[in-house]
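A.B. asks: my questions are about this predicted structure, shown below with the sequence.
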Amino acid sequence: MEVENFKNINIETFEIIFKKYYSELCRFALKYTNRNEDAEEVVQDVFYKIWEKRFSVKVKVSVKSYLYISVRNKCLQNINHKKIIRVYEKHIEMQNNTETTNPHETLVFEESIDIFNEALNTLPDKCIEIFKLSRFKGLRYKEIAKEMSVSVKTVEANISKALKTFRIYFPEYALNK
C-alpha cells in the first residue's frame, strides 16, 4: 500500500494499515524490547503518534518501511530512556550502600540526579505522577489510565511530554534526528 502522506487518510484505511502490520511490527519490536508488553506498547505508541500527527507526516518510503523505521526509532529511544532510569537507580543504590565509592562517580551520579529532578520538576504534577507510575512502578498505560481515571491517550500524551523534556535535559541520550 503506497501512501504519500497520512493527511487525507480516513480512519477505515488507517485501521486496515494497523491490522495489516501490527503483529509483525510487535515481533520486530520484541527483538529490541525482549518483552511482549513493551513491544506492543511501542507499536501502539507509533500508530498513535502517526494518527495524531497525520497532517504533517510525510512518507518518503513505503508505508511498511516507514512503520518499521518508526518502531525501530521508538525502541531505541526507550532503550536510551531506560539508561537514564538505570543511572538514577544506581545512584539510589549507591546512596544506600555503606561502602566507600569513587568520589568522581559519586559527583557524576549526584549531578545526574540533580538534572533529572530539575527536568522532572518542570513537568505538570499530573505528568509527573503518570511518569512515575510508568517508569518507577512499571505500570502499563492501561493500568495508569484506570488508576488515575484518565484515558490511555492522556497517559500516552503525558509520557511523550515527559520523555521530550528528558531528551532536552539529557541530550547525550537522545537520538540524532
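C.D. replies: Noted; the coordinates are in hand. Quick caveat, the model's predicted, so the values are computed rather than measured. Residues are numbered from 1 along each chain as shown.
A.B. asks: next up, the contacts around Ile79.
C.D. replies: Contacts for Ile79 (C-beta atoms under 8 Å, 6 or more residues apart in numbering) come out as Tyr32. Bear in mind the C-beta positions are built from the backbone N, C-alpha and C, glycine included.
A.B. asks: any idea how far it is from Met148?
C.D. replies: In this view, Ile79 and Met148 are 26 Å apart by C-beta to C-beta, to the nearest Å.
A.B. asks: over to Ser70?
C.D. replies: 27 Å.
A.B. asks: looking at the two, which has the bigger crowd around it?
C.D. replies: Using other C-beta atoms under 10 Å as the criterion, Ser70 and Met148 rank with Ser70 on top: 19 against 16.
A.B. asks: skipping its backbone neighbours, what lies nearest that one in space?
C.D. replies: Distance criterion C-beta to C-beta, 6 or more residues apart in numbering; nearest residue to Ser70, sequence neighbours excluded, is Val46 at 4.7 Å.
A.B. asks: let me know the pLDDT of the residue nearest in space to the middle of the chain.
C.D. replies: For the chain, the residue nearest the mean C-alpha position is Asn78 (5.0 Å; C-alpha atoms, centre = their mean). Looking at Asn78, its pLDDT stands at 80.
A.B. asks: next: Lys49.
C.D. replies: With respect to pLDDT, Lys49 scores 86.
A.B. asks: and for the helix or strand where it lies, what are the contacting residues?
C.D. replies: Element membership for Lys49 (DSSP states H and E) is helix 36-52. Residues outside helix 36-52 that contact it (C-beta under 8 Å, 6+ apart): 6, 14, 18, 22, 25-27, 29-30, 32-33, 57, 67, 70-71, 74-75, 78, 140-141, 153, 156, 160.
A.B. asks: ok, then the element right after the host helix or strand of Asn78?
C.D. replies: Element membership for Asn78 (DSSP H and E) is helix 63-96. Note on helix 63-96: by DSSP H and E, the next helix or strand toward the C-terminus is helix 103-121.
A.B. asks: what's that next one packed up against?
C.D. replies: Other helices and strands packing on helix 103-121, by 3 or more C-beta pairs under 8 Å, 6 or more residues apart in numbering; DSSP states H and E, are helix 63-96, helix 125-135, helix 152-169.
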